[in-house]
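Colleague: Here is my input; please provide its structure:
(chains A and B)
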Protein chains: 2
Amino acid sequence: MGGVLWQLRCLSIVFYRCKLRENGARKMAGGDEGFSVVLEVWVVLRREEVRGRESGGGVVYTRVGTTKMKKRRLGLWLKSMRSMGESEVVLLGWPLSMFGARVKIALAEKGVKYEYKEEVFLHNKSPLLLKCNPIHKKIPVLIHKGRSVCESKIIVEYIDESWKGESPLLPSDPYLRSQARFWADYIDKVIYTVAMKFNSGPKGEEMEKARHECLGYLNVLEGELGDKPYFLGNAFGYVDIALMSYYNHFFTYESLGGFSLKIDSPKLFAWATRCMKRESVSKSLPDPQKIYDYTIVYRKNIGVED
Amino acid sequence: MGGVLWQLRCLSIVFYRCKLRENGARKMAGGDEGFSVVLEVWVVLRREEVRGRESGGGVVYTRVGTTKMKKRRLGLWLKSMRSMGESEVVLLGWPLSMFGARVKIALAEKGVKYEYKEEVFLHNKSPLLLKCNPIHKKIPVLIHKGRSVCESKIIVEYIDESWKGESPLLPSDPYLRSQARFWADYIDKVIYTVAMKFNSGPKGEEMEKARHECLGYLNVLEGELGDKPYFLGNAFGYVDIALMSYYNHFFTYESLGGFSLKIDSPKLFAWATRCMKRESVSKSLPDPQKIYDYTIVYRKNIGVED
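Modeller: Below is the predicted model of the structure:
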């Protein structure tokens, strides 16, 4: 039960010396005089399993068992459970995912240390992933203090709100925040959709359509970037993370679609080059060649590539 | 130029009495001695028109003209412009939209007065809508202090962050906020998708599939709601708004899909009944019969209904 939020409820405290004497029994092995405690151990349930369980303050617990221990062991046990449950940051990812890359960049920007657990197979999900994201069954999942947060943009906002002191990723002004959310949403609506066309579309007319569509979207994004160093102004942030997560995939889209980010969207290219100078970005993005190779294999498997 | 964020820059101050005397001209009609001011008027541009314009602090202005006025008129003019530019809240909507309803509910919860401007035709967008949401060209758009915010969930978050004191819609805890965002996102991912199937799908097998799919999603949502009065606990909020915006559309989905929210999802039905007791909700949702009639006409037009 590592990494779960837990709650202990005291069922009973038994002053065993007194009790034992009353029962006429022998003194318990290894025991000091004092008391033993019977605790109920409750752990946080995934939220979709709520029905029929106990809920309190938005957090849902289920009883997993009881434990009985003596006074002197209780402190150690509590300490070890607390260290398991409240200090861990774990990221479940998949090496070539743009969405996983977002979370890596955000954690690196905040200087948060974490354990990275990689999903090996896309179509044979690990029990941990299925447990932590039973609704979508997709990476990335951030597990923080034993609680799962899913969906990349939601995770990045969670990271920004949880580690407030370091490098704010979203502006504090509500209007500028809304604009940041608008553009990150736009990026996923249009770039992800056209990326799927590059990945799965047959060559020829379909690919030409995807190329044309993609250049149109890049043009809109270039207009929004304008002459600013980053999308939100002078500081690297939320929208940059949302778009940069696709950057190393562009080698594949350019190759398949027959366009060049450098030539067709020079301002975006300059912006991306600027972003890539940040270690948080360059160390978080997957290898472009690996993405390309994987995509070609995928295209062959679905019969759109010879 | 009502409802725009404006900025004035002084081009020149002319002490006209002095100037007039120098020029030997007559005293200006209606004028006191003093000075006249030539001002440049700059207004906020939409962000996608940034290129080649002037940008400052994330806000982009364009020069729309100059005005010349005398000292005693200047104060009045500034006052009237300020009242036009900074106090207005305008909502661009369409009567049957679930997304527009969200914004209405959020504004009502916060007690914000606003002007409602209705788009009459879905396929013949008004110049105001095209100006305020040139990227998606869709309602709802909230115009606040002359600045547009688009996309319903983003608008609701903007409202929550801009009118902080009244009825918080999202919890303050980062984890609970992430869960609220997750479920609102889920609702749009699944309910909107299945709603489109009810609206456009042919009868028979397709409609049976949509019914089955919809009941599956409602089951997940019912599991998440559990025994809580509202999705986020004891207080009506963000997730309730996201799902309740669809509620009066369910009359149509139930009729076309052959299911009953009351029978098939009794907990959700009880929750919806609870939400409908709030004036903010009941007064913001479109008439279920009008939605049904509109959908049937639409289905006939696309040839899936006789």
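Colleague: Give me the distance from stretch A:298-306 to the chain's centre.
Modeller: 30 Å (C-alpha atoms, centre = their mean, to the nearest Å).
Colleague: And for that stretch, what's in contact with it?
Modeller: Taking C-beta atoms under 8 Å, 6 or more residues apart in numbering or on different chains as the criterion, the residues outside stretch A:298-306 that touch it are A:199-203, A:296. All C-beta spots, glycine's among them, are computed from the backbone N, C-alpha and C.
Colleague: ok, the residue in the stretch 201-306 of chain A that chain B sits nearest to to A:W163 distance?
Modeller: Taking C-beta to the nearest C-beta, chain B has its nearest neighbour within the stretch 201-306 of chain A at A:G226, 3.7 Å off. Noted for A:G226: a distance of 29 Å to A:W163, by C-beta to C-beta, to the nearest Å.
Colleague: neighbour-wise, which of the two wins?
Modeller: Neighbours around A:G226 and A:W163, counted as other C-beta atoms under 10 Å in any protein chain shown, are more numerous at A:W163. The numbers are 20 against 17.
Colleague: Identify the residues contacting the more buried one.
Modeller: For A:W163, the contact set (C-beta under 8 Å, 6+ apart) comprises A:110-112.
Colleague: Where does pLDDT dip in the stretch 1-150 of chain A?
Modeller: A:1-87 (pLDDT under 70).
Colleague: quick one, domains of chain A?
Modeller: Partitioning chain A according to automatic domain parsing yields domains covering residues A:6-85, A:88-169, A:173-306.
Colleague: just so I know, which of the ones you listed lies nearest B:I135?
Modeller: Across those, B:I135 has its closest neighbour in domain A:173-306 (6.4 Å, C-beta to C-beta).
Colleague: gap between the two ends of that closest one?
Modeller: 51 Å (C-alpha to C-alpha, to the nearest Å).
Colleague: same deal with stretch A:141-156?
Modeller: 11 Å.
Colleague: Repeat that for stretch A:146-156.
Modeller: Stretch A:146-156 has an end-to-end distance of 17 Å (C-alpha to C-alpha).
Colleague: same check, this time on stretch A:105-116
Modeller: For stretch A:105-116, the first-to-last residue distance is 13 Å (C-alpha to C-alpha).
Colleague: got the contact list for that stretch?
Modeller: A:88-91, A:93, A:104, A:155-156, A:159-160, A:163, A:166-167, A:169, A:236, A:241, A:244-245, A:278-281, A:283-284.
Colleague: cutoff 7 Å now
Modeller: By C-beta atoms under 7 Å, 6 or more residues apart in numbering or on different chains, the surrounding residues in contact with stretch A:105-116 are A:88-91, A:93, A:156, A:159, A:163, A:166-167, A:169, A:241, A:244, A:280-281, A:283-284.
Colleague: And for the spatially closest residue to A:S282 that is not a sequence neighbour, the neighbour number?
Modeller: Closest residue in space to A:S282, ignoring its immediate chain neighbours: A:M276 at 5.1 Å, by C-beta to C-beta, 6 or more residues apart in numbering or on different chains. The number of residues packed around A:M276, counting by other C-beta under 10 Å, is 14.
Colleague: now do A:D306
Modeller: As a burial measure, the neighbour count of A:D306 was computed by other C-beta under 10 Å and equals 6.
Colleague: how near is it to A:K203?
Modeller: As judged by C-beta to C-beta, A:D306 and A:K203 stand 9 Å apart.
Colleague: Remind me what the top helix by length along chain A packs against, helices and strands.
Modeller: The single longest helix within chain A, with elements called by DSSP state H, is helix A:174-200. Here helix A:174-200 touches helix A:205-225, helix A:238-244, helix A:250-257, strand B:147-150, helix B:152-162, going by 3 or more C-beta pairs under 7 Å, 6 or more residues apart in numbering or on different chains; DSSP states H and E.
Colleague: mind pulling up the phi and psi values for A:N133?
Modeller: Note on A:N133: backbone dihedrals following degrees, to the nearest 10 are phi -140, psi 60.
Colleague: Now do the same contact list for it.
Modeller: By C-beta under 7 Å, 6+ apart, the contact list for A:N133 reads A:141, A:148, A:150.
Colleague: List buried residues within the residues you listed.
Modeller: Listed as buried from these are A:141, A:148, A:150; burial here means 16 or more other C-beta atoms under 10 Å in any protein chain shown.
Colleague: Among those, which ones lie close to chain B?
Modeller: A:C150 (C-beta under 7 Å from any C-beta of the partner chain).
Colleague: Turn the buried ones among the contacts of A:N133 into CSV, columns for distance to B:Y217.
Modeller: Compiled in CSV, the buried ones among the contacts of A:N133 are given as follows (distance: C-beta to C-beta, whole Å):
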residue, distance to B:Y217
A:V141, 21
A:S148, 20
A:C150, 16
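Colleague: who in chain A is up against chain B?
Modeller: A:47-48, A:50-51, A:55, A:58, A:135, A:147, A:149-151, A:154, A:157-158, A:161-162, A:174-179, A:181-182, A:185-186, A:220, A:223-224, A:226, A:228, A:232-233.
Colleague: Just the buried ones out of those, please.
Modeller: A:47-48, A:50-51, A:55, A:58, A:135, A:147, A:149-151, A:154, A:157-158, A:161-162, A:174-179, A:181-182, A:185-186, A:223-224, A:226, A:228, A:232-233.
Colleague: circling back to that earlier point, which one of the domains of chain A lies closest to B:A272?
Modeller: The stretch from the domains of chain A with the least distance to B:A272 (C-beta to C-beta) is domain A:6-85; that distance is 17.5 Å.
Colleague: mind listing what the residue nearest to A:R177 when sequence neighbours are not counted touches?
Modeller: Spatial nearest neighbour of A:R177, excluding adjacent residues (C-beta to C-beta, 6+ apart): A:L170 at 5.3 Å. Applying C-beta under 7 Å, 6+ apart, one finds that A:L170 lies in contact with A:157, A:160, A:177, A:180, A:237-238.
Colleague: Greatest separation within these: which pair is it?
Modeller: The most widely separated members of the contacts of A:L170, counting by C-beta to C-beta, are A:E157 and A:G237 (11.4 Å).
Colleague: thought A:A184 was touching A:V239?
Modeller: Yes: under the contact definition of C-beta atoms under 7 Å, A:A184 touches A:V239, with a separation of 5.5 Å.
Colleague: and A:I143, what helix or strand is that in?
Modeller: With elements delineated by DSSP states H and E, A:I143 resides in strand A:141-144, which encompasses its position.
Colleague: residue contacts, A:L261?
Modeller: Contact partners of A:L261, counting by C-beta under 7 Å, 6+ apart, are A:250, A:254, A:268-269.
Colleague: okay, among those, which ones form the most distant pair?
Modeller: For the contacts of A:L261, the maximum inter-member distance is 12.3 Å, found between A:E254 and A:L268 (C-beta to C-beta).
Colleague: quick one: A:L129 and chain B, what's the gap?
Modeller: A:L129 sits 16 Å away from chain B when distances are taken as C-beta to the nearest C-beta, to the nearest Å.
Colleague: same thing with A:G93?
Modeller: From A:G93 over to chain B (counting by C-beta to the nearest C-beta), the distance is 17 Å.
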